[in-house]
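J.: Model the following, please.
(chains A, B, C and D)
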2 protein chains.
Amino acid sequence: MIDRIHLKIMAAIDRHGSLTAAAESLYLTQSALSHTMKKLEQQTGVTLWHKEGRQLRFTQAGEYLLQQALRLSPQLERVDQVLKEFADGDRGTLRIGMECHPCYIWLLTVVNPFLKAWPNIDVDVKQRFKFGGMAALFQHDIDLLVTPDPLLKKGVEFIPVFDYEQVLVLSTNHPLTKKAYVTPKDLSQETLYTYPVETERLDIFKDFLLPANTSPLRHKTLEATEIMLEMVAAERGVATLPLWLVQTYQDSLPITYQKLGKSGLKKQIYLGMRSNEDRSFTSAFIQMARASVESEGSST
Amino acid sequence: MIDRIHLKIMAAIDRHGSLTAAAESLYLTQSALSHTMKKLEQQTGVTLWHKEGRQLRFTQAGEYLLQQALRLSPQLERVDQVLKEFADGDRGTLRIGMECHPCYIWLLTVVNPFLKAWPNIDVDVKQRFKFGGMAALFQHDIDLLVTPDPLLKKGVEFIPVFDYEQVLVLSTNHPLTKKAYVTPKDLSQETLYTYPVETERLDIFKDFLLPANTSPLRHKTLEATEIMLEMVAAERGVATLPLWLVQTYQDSLPITYQKLGKSGLKKQIYLGMRSNEDRSFTSAFIQMARASVESEGSST
DNA sequence: GTATATTATGAATATTTTTCATGAGTGTCA
DNA sequence: TGACACTCATGAAAAATATTCATAATATAC
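T.: The predicted structure is shown next:
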């Protein structure tokens, strides 16, 4: 029944004092306003104003409608404005999905400048997915996927961000440090620590142990990277992590590393996003991610 | 830009799960909804939802708009509802103007049951008018005028409510109590107490003293009826009040009264309202006013 | 009284909304 | 797998609505 235009007209009459002036302020004719409000009066059965000389005087109902107009009009304008911000990419949440546990620390170094560069965009990071990161991306549960396993599929695009080598982390006293490199069979007598995800998603299983039809003596899972490294340092077992991550801890813990296989286990981290979705801040994040890696000199 | 229909559509989609079901709930076609929202999307530049299989999934902007819709739609509906209440006379304020000071006590006996019978209608009483009660009525400052001086004018209607006699209130010891009635000349040696209004509006001047070209020795004004009567009782002067009012105080104070002139000063109280204004509760108030008087047996 | 304001209103016009008909995609089930 | 049922999108036509134009009616200022 009542519509936004009625609120605007009431507010304009109040502000400008006459129908004619109100009409001008709304870029309409006085006639249009008169007709519009007359129709509202007929539909609702109320009288909104009386003519008093050449002035208008609101009735009680008109006064009420004016109050509501003054209250509601700005709220509707605010909705317009926010919608425009969404359209311009000045507002939103960038939801990042992580399928690469150790990348979290790296991600934080990108998120920090991103938040500064895009003050109206929030960032959310998700690490658990019911049906995998790809499904989450397709279902719009996330907007960006950080993963070492890109999937060529219509509707998504993957961009390599950086290369890294997955290595076996060992206590400095560990016998395997003597070898030139580690073979799958070497691990069959070891306790292996990994993050608590499915073995299909763990490089050490997928790309190293399973092809050789081998498995470690024991497989234990841990959430926290630091604890995992402490376990290795305490000679409780071994773990696999990206080389760059091991290097950052090598100074503070008695740990070292070994190549997995003769030529090492080379990996790449990709950022995946839905194609044909053009949110400027998503692309901006990807740019910043690549830049962060290049400045470190550890990139493609 | 954004309009009420967009809010309703968003809320309906959320509630019914699909465009088709939402369209049905709004008594529109699916096509209409699709076109309407498409247009909004084009105007603002946002995407509100994605098709996911045969389902719709709101984007962040869509989710935002939905939240605003759920918040604002009920408020707009409430405005419709209140406007309808105004139209039906289920809401409003009855503003009563008084040009008859002593009638205030009588008025209260009408207002009380009125408030009970019309729980959504407020009552306001005004006693001071810049340009008189008639002007206030015309200017919609009041809706009802209680006055002993009806003015036959286009646009207003006056209905007599009750007859009364204006009498001179005297201390029981006053010499004038000995006479059969009081003449204008009798007052030329008296101190007269009246309400503080223009003499043209005081019956004692307008209908009694001025026609005889006489005036009282002294004229003092007082706001409160009770104090006025105390003054009279203390033999400080005389006053003129409606007979029925004097009678209610006669038991508790040493006062009595005298007819003004041989046949007494007969007055009538009228209720005036703007004609062609059809607010049911205004008429209802008039009905209750008349009824209150009839039950007392002091009416026309 | 005349000129200049105001709002209201009927008719004509312009614009917007809605429907109709249909296309294109997706899930279901025999 | 193919028929079917159901979804939303879309172009064109139809219907409804909003706006303007021209003008009346009325009030105010000079």
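
J.: so the closest residue to A:Pro148 other than its chain neighbours is in which element?
T.: For A:Pro148, ignoring the flanking residues on the chain, the nearest one in space by C-beta to C-beta, 6 or more residues apart in numbering or on different chains is A:Lys267 at 5.1 Å. In this view, the C-beta of every residue, glycine as well, is placed from N, C-alpha and C. Element membership for A:Lys267, per DSSP states H and E: strand A:265-274.

J.: Near A:Gln166, how many residues? Count them for me, please.
T.: Neighbour count for A:Gln166, taken as other C-beta atoms under 10 Å in any protein chain shown: 24.

J.: actually A:Leu176, sorry about that
T.: A:Leu176 has 19 neighbours, counted by other C-beta under 10 Å.

J.: wait, doesn't it sit right on A:Lys185?
T.: No: between A:Leu176 and A:Lys185 there is no contact under C-beta atoms under 8 Å: 11.4 Å.

J.: Closest residue of chain A to DNA strand D?
T.: A:Gly53 (2.6 Å; C-beta to the nearest atom of the strand).

J.: Pull the number of nearby residues for that residue.
T.: 6.

J.: And A:Pro150, by the same measure?
T.: Counted with other C-beta under 10 Å, residues neighbouring A:Pro150 total 18.

J.: Using the three-state scheme, assign it.
T.: Secondary structure, DSSP: H, G, I helix; E, B strand; the rest coil: A:Pro150 is coil.

J.: contacting residues for the spatially closest residue to it that is not a sequence neighbour?
T.: The shortest distance from A:Pro150 to any non-neighbouring residue, by C-beta to C-beta, 6+ apart, is to A:Phe158 (3.6 Å). A:Phe158 makes contact with A:147, A:150-152, A:270-272, according to C-beta atoms under 8 Å, 6 or more residues apart in numbering or on different chains.

J.: Which pLDDT value goes with A:Ser298?
T.: The score at A:Ser298 is 43. That number is its pLDDT.

J.: my bad, should have said A:Glu230
T.: A:Glu230 is given a pLDDT of 94.

J.: which secondary structure elements does the strand or helix carrying A:Val111 contact?
T.: Here A:Val111 sits within helix A:103-117, counting by DSSP H and E. Secondary-structure packing of helix A:103-117 (3 or more C-beta pairs under 8 Å, 6 or more residues apart in numbering or on different chains; DSSP states H and E): strand A:92-98, strand A:121-126, helix A:280-296.

J.: And that helix, what's buried?
T.: Buried residues in helix A:103-117, counting neighbours by 16 or more other C-beta atoms under 10 Å in any protein chain shown, are found at A:103, A:106-107, A:110-111, A:114.

J.: Count the neighbours of the residue in the stretch 151-300 of chain A positioned nearest to chain B for me.
T.: Here the stretch 151-300 of chain A gets closest to chain B at one residue, A:Glu277, 8.7 Å apart by C-beta to the nearest C-beta. For A:Glu277, the count of nearby residues is 16 (other C-beta under 10 Å).

J.: tell me the SS of it?
T.: coil.

J.: relative to helix B:60-88, how tilted is the longest helix belonging to chain A?
T.: Looking across chain A with DSSP state H, the single longest helix is helix A:60-88. Going by axes from the mean of the first three to the mean of the last three C-alpha atoms, to 10 degrees, helix A:60-88 is angled at 170 degrees with respect to helix B:60-88.

J.: quick one: is helix A:60-88 near chain B?
T.: Yes: using C-beta under 8 Å from any C-beta of the partner chain, helix A:60-88 reaches chain B at A:60-61, A:64-65, A:68, A:72, A:75-76, A:79-80, A:82-84, A:86-88.

J.: top of these by neighbour count?
T.: Comparing the residues of helix A:60-88 next to chain B by number of neighbours (other C-beta under 10 Å), A:Leu65 comes first, having 28 neighbours.

J.: near DNA strand C, which residues of the stretch 1-150 of chain A?
T.: When proximity is defined by C-beta under 7 Å from any atom of the strand, the stretch 1-150 of chain A lies next to DNA strand C at A:18-21, A:30-31, A:34-35, A:37-38, A:49, A:51, A:54, A:56.

J.: The residues you listed in helices, which ones?
T.: Of the positions in these, A:19-21, A:30-31, A:34-35, A:37-38 sit in helices, assigned by DSSP H.

J.: I'd like the residues you listed laid out as JSON lines, including neighbour count and distance to B:Val293.
T.: Below are those laid out as JSON lines (neighbours: other C-beta atoms under 10 Å in any protein chain shown; distance: C-beta to C-beta, whole Å):
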{"residue": "A:Leu19", "neighbour count": "21", "distance to B:Val293": "44"}
{"residue": "A:Thr20", "neighbour count": "15", "distance to B:Val293": "48"}
{"residue": "A:Ala21", "neighbour count": "14", "distance to B:Val293": "48"}
{"residue": "A:Gln30", "neighbour count": "14", "distance to B:Val293": "48"}
{"residue": "A:Ser31", "neighbour count": "10", "distance to B:Val293": "49"}
{"residue": "A:Ser34", "neighbour count": "14", "distance to B:Val293": "44"}
{"residue": "A:His35", "neighbour count": "11", "distance to B:Val293": "46"}
{"residue": "A:Met37", "neighbour count": "20", "distance to B:Val293": "41"}
{"residue": "A:Lys38", "neighbour count": "11", "distance to B:Val293": "41"}
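
J.: Find the helix or strand that A:Glu157 is a member of.
T.: strand A:156-171.

J.: picking up where we left off before, can you pull the buried residues of the strand holding A:Lys267?
T.: With burial defined by 16+ other C-beta under 10 Å, the residues of strand A:265-274 counted as buried are A:265, A:267, A:269-274.
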